[in-house]
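Novice: Here's a sequence, model it:
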Amino acid sequence: MNSARRSGFSAGILLYRRVGSRLEVLLVHPGGPYWRRKDEGAWSIPKGEADAAGEDAAVVAVREFAEETGVALSGRLEPLGEIRQRGGKRVVGFAVEGDLDAAAIISNSFEIEWPRGSGKMQIFPEIDRAQWFDLAAAHAKILDGQRPLLDRLAELAGRAERRRA
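Specialist: As a prediction, this is how the structure comes out:
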(Lines give C-alpha, C1' and ligand atoms only; values in the text may rest on other atoms or scores of the structure.)
Protein backbone atom coordinates (compact mmCIF):
# COMPACT_ATOMS: atom_id res chain seq x y z
CA MET A 1 0.00 0.00 0.00
CA ASN A 2 2.84 2.43 0.71
CA SER A 3 4.13 2.02 -2.84
CA ALA A 4 0.63 2.88 -4.09
CA ARG A 5 0.75 6.18 -2.27
CA ARG A 6 4.16 6.95 -3.75
CA SER A 7 2.93 6.19 -7.28
CA GLY A 8 1.19 9.55 -7.33
CA PHE A 9 -1.94 8.74 -9.31
CA SER A 10 -5.14 6.77 -9.54
CA ALA A 11 -6.82 5.52 -12.70
CA GLY A 12 -10.39 4.53 -13.39
CA ILE A 13 -13.03 3.71 -15.94
CA LEU A 14 -16.22 5.56 -16.73
CA LEU A 15 -18.39 2.78 -18.13
CA TYR A 16 -21.20 4.08 -20.33
CA ARG A 17 -24.07 2.75 -22.36
CA ARG A 18 -26.54 4.21 -24.83
CA VAL A 19 -30.21 3.99 -23.90
CA GLY A 20 -32.17 5.29 -26.84
CA SER A 21 -30.74 8.72 -27.60
CA ARG A 22 -29.14 9.31 -24.21
CA LEU A 23 -26.00 8.21 -22.43
CA GLU A 24 -25.96 6.55 -19.04
CA VAL A 25 -22.86 6.14 -16.89
CA LEU A 26 -22.06 3.67 -14.14
CA LEU A 27 -21.05 5.28 -10.86
CA VAL A 28 -20.13 3.58 -7.60
CA HIS A 29 -20.80 4.67 -4.03
CA PRO A 30 -17.94 4.20 -1.57
CA GLY A 31 -18.50 1.81 1.30
CA GLY A 32 -17.61 2.28 4.93
CA PRO A 33 -18.97 4.37 7.77
CA TYR A 34 -17.74 7.75 6.52
CA TRP A 35 -19.77 7.54 3.29
CA ARG A 36 -22.85 5.75 4.67
CA ARG A 37 -25.12 8.81 4.77
CA LYS A 38 -23.55 10.79 1.92
CA ASP A 39 -25.15 10.74 -1.53
CA GLU A 40 -24.98 13.84 -3.76
CA GLY A 41 -21.37 14.63 -4.56
CA ALA A 42 -20.19 11.32 -3.07
CA TRP A 43 -20.29 8.89 -6.03
CA SER A 44 -17.25 8.07 -8.16
CA ILE A 45 -16.01 6.20 -11.17
CA PRO A 46 -14.52 2.82 -10.21
CA LYS A 47 -10.84 3.66 -9.72
CA GLY A 48 -7.80 3.01 -7.61
CA GLU A 49 -4.16 3.77 -7.07
CA ALA A 50 -1.25 2.50 -9.08
CA ASP A 51 0.77 -0.20 -7.33
CA ALA A 52 4.10 1.30 -8.38
CA ALA A 53 5.53 4.43 -9.91
CA GLY A 54 5.56 4.15 -13.69
CA GLU A 55 2.69 1.64 -13.86
CA ASP A 56 0.61 2.10 -17.01
CA ALA A 57 -2.61 4.02 -16.29
CA ALA A 58 -4.73 1.79 -18.56
CA VAL A 59 -3.51 -1.33 -16.72
CA VAL A 60 -4.33 0.31 -13.37
CA ALA A 61 -7.81 1.35 -14.57
CA VAL A 62 -8.76 -2.14 -15.81
CA ARG A 63 -7.41 -3.83 -12.67
CA GLU A 64 -9.14 -1.43 -10.30
CA PHE A 65 -12.45 -1.68 -12.17
CA ALA A 66 -12.31 -5.47 -11.76
CA GLU A 67 -11.37 -5.22 -8.08
CA GLU A 68 -14.14 -2.78 -7.25
CA THR A 69 -16.91 -4.36 -9.33
CA GLY A 70 -15.96 -8.01 -9.82
CA VAL A 71 -16.28 -7.48 -13.60
CA ALA A 72 -13.39 -7.88 -16.06
CA LEU A 73 -13.87 -5.44 -18.94
CA SER A 74 -12.84 -6.24 -22.48
CA GLY A 75 -13.97 -3.11 -24.33
CA ARG A 76 -11.77 -0.48 -25.96
CA LEU A 77 -10.46 2.17 -23.57
CA GLU A 78 -10.92 5.75 -24.75
CA PRO A 79 -8.67 8.20 -22.87
CA LEU A 80 -10.52 10.97 -21.01
CA GLY A 81 -7.34 12.60 -19.74
CA GLU A 82 -6.20 13.52 -16.27
CA ILE A 83 -8.05 15.46 -13.59
CA ARG A 84 -7.08 16.66 -10.13
CA GLN A 85 -9.47 16.07 -7.29
CA ARG A 86 -9.77 18.29 -4.24
CA GLY A 87 -6.65 17.65 -2.19
CA GLY A 88 -4.52 17.34 -5.33
CA LYS A 89 -5.02 13.63 -6.11
CA ARG A 90 -4.35 12.91 -9.80
CA VAL A 91 -6.88 10.66 -11.55
CA VAL A 92 -6.44 9.37 -15.10
CA GLY A 93 -9.80 8.50 -16.64
CA PHE A 94 -10.84 6.20 -19.46
CA ALA A 95 -14.25 5.63 -21.04
CA VAL A 96 -15.49 2.19 -22.09
CA GLU A 97 -18.81 1.49 -23.76
CA GLY A 98 -20.50 -1.55 -22.25
CA ASP A 99 -23.25 -2.81 -20.02
CA LEU A 100 -23.51 -4.74 -16.80
CA ASP A 101 -26.03 -5.46 -14.07
CA ALA A 102 -25.24 -2.87 -11.40
CA ALA A 103 -27.05 -4.92 -8.76
CA ALA A 104 -24.76 -7.91 -9.37
CA ILE A 105 -21.51 -6.08 -8.61
CA ILE A 106 -19.23 -7.74 -6.06
CA SER A 107 -16.70 -5.38 -4.49
CA ASN A 108 -13.46 -6.07 -2.70
CA SER A 109 -13.27 -4.97 0.96
CA PHE A 110 -11.08 -3.14 3.46
CA GLU A 111 -10.61 -3.34 7.20
CA ILE A 112 -10.53 -0.39 9.60
CA GLU A 113 -10.90 0.25 13.29
CA TRP A 114 -14.52 1.30 13.80
CA PRO A 115 -15.61 3.16 15.75
CA ARG A 116 -12.30 4.99 15.92
CA GLY A 117 -10.47 4.35 19.15
CA SER A 118 -12.64 1.32 19.98
CA GLY A 119 -10.00 -1.29 19.21
CA LYS A 120 -12.65 -3.14 17.16
CA MET A 121 -11.68 -3.96 13.57
CA GLN A 122 -14.48 -4.14 11.01
CA ILE A 123 -14.58 -5.08 7.33
CA PHE A 124 -16.45 -2.92 4.83
CA PRO A 125 -16.95 -3.22 1.05
CA GLU A 126 -14.86 -0.76 -0.94
CA ILE A 127 -18.07 0.14 -2.78
CA ASP A 128 -21.48 -0.50 -1.28
CA ARG A 129 -23.53 -0.02 -4.43
CA ALA A 130 -23.38 0.86 -8.10
CA GLN A 131 -25.98 2.52 -10.26
CA TRP A 132 -26.57 3.75 -13.80
CA PHE A 133 -27.31 7.49 -14.12
CA ASP A 134 -28.05 9.73 -17.08
CA LEU A 135 -25.50 12.52 -17.44
CA ALA A 136 -27.62 15.17 -15.68
CA ALA A 137 -28.18 12.98 -12.62
CA ALA A 138 -24.54 11.86 -12.67
CA HIS A 139 -23.41 15.50 -12.49
CA ALA A 140 -25.23 15.84 -9.16
CA LYS A 141 -24.03 12.50 -7.77
CA ILE A 142 -20.34 12.43 -8.74
CA LEU A 143 -17.49 13.95 -6.71
CA ASP A 144 -16.85 17.56 -7.77
CA GLY A 145 -13.35 16.83 -9.01
CA GLN A 146 -14.56 14.04 -11.31
CA ARG A 147 -17.26 16.07 -13.10
CA PRO A 148 -14.91 16.99 -15.97
CA LEU A 149 -14.78 13.28 -16.88
CA LEU A 150 -18.54 13.37 -17.55
CA ASP A 151 -18.14 16.43 -19.77
CA ARG A 152 -15.28 14.80 -21.67
CA LEU A 153 -17.36 11.65 -22.19
CA ALA A 154 -20.26 13.71 -23.58
CA GLU A 155 -17.82 15.41 -25.95
CA LEU A 156 -16.30 12.07 -26.99
CA ALA A 157 -19.73 10.50 -27.56
CA GLY A 158 -20.84 13.51 -29.59
CA ARG A 159 -17.82 13.17 -31.89
CA ALA A 160 -18.57 9.47 -32.35
CA GLU A 161 -22.19 10.25 -33.25
CA ARG A 162 -21.11 12.82 -35.85
CA ARG A 163 -18.74 10.24 -37.43
CA ARG A 164 -21.62 7.74 -37.74
CA ALA A 165 -23.89 10.27 -39.48
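Novice: use CA for all of it now, contacts and neighbours both
Specialist: OK.
Novice: part of a strand, is His139?
Specialist: No - the assignment for His139, made by DSSP: H, G, I helix; E, B strand; the rest coil, is helix rather than a strand.
Novice: Can you classify the closest residue to it other than its chain neighbours by secondary structure?
Specialist: Excluding its sequence neighbours, the residue lying closest to His139 (CA to CA, 6 or more residues apart in numbering) is Arg147, at 6.2 Å. Assigned with three-state DSSP, Arg147 falls in the helix class.
Novice: Check the spacing between Arg147 and Leu27 real quick.
Specialist: 12 Å (CA to CA, to the nearest Å).
Novice: Between those two, point out the one with more neighbours.
Specialist: Leu27 (24 against 19; other CA atoms under 10 Å).
Novice: biggest strand in this protein by residues?
Specialist: strand 9-19 (DSSP state E).
Novice: And the pLDDT at the residue nearest to the spatial centre of the chain?
Specialist: Central residue of the chain (CA atoms, centre = their mean): Ile45, 1.7 Å from the mean position. Looking at Ile45, its pLDDT reads 98.
Novice: Tell me, how many residues neighbour the closest residue to Ser109 other than its chain neighbours?
Specialist: In space, and not counting its chain neighbours, Ser109 is closest to Pro125: 4.1 Å by CA to CA, 6+ apart. Using other CA under 10 Å, Pro125 is surrounded by 16 other residues.
Novice: measure Pro125 to Ala95 for me?
Specialist: Applying CA to CA to Pro125 and Ala95 gives a distance of 24 Å.
Novice: Leu80 too?
Specialist: Per CA to CA, Leu80 is found 7 Å from Ala95.
Novice: Understood, closing this out.
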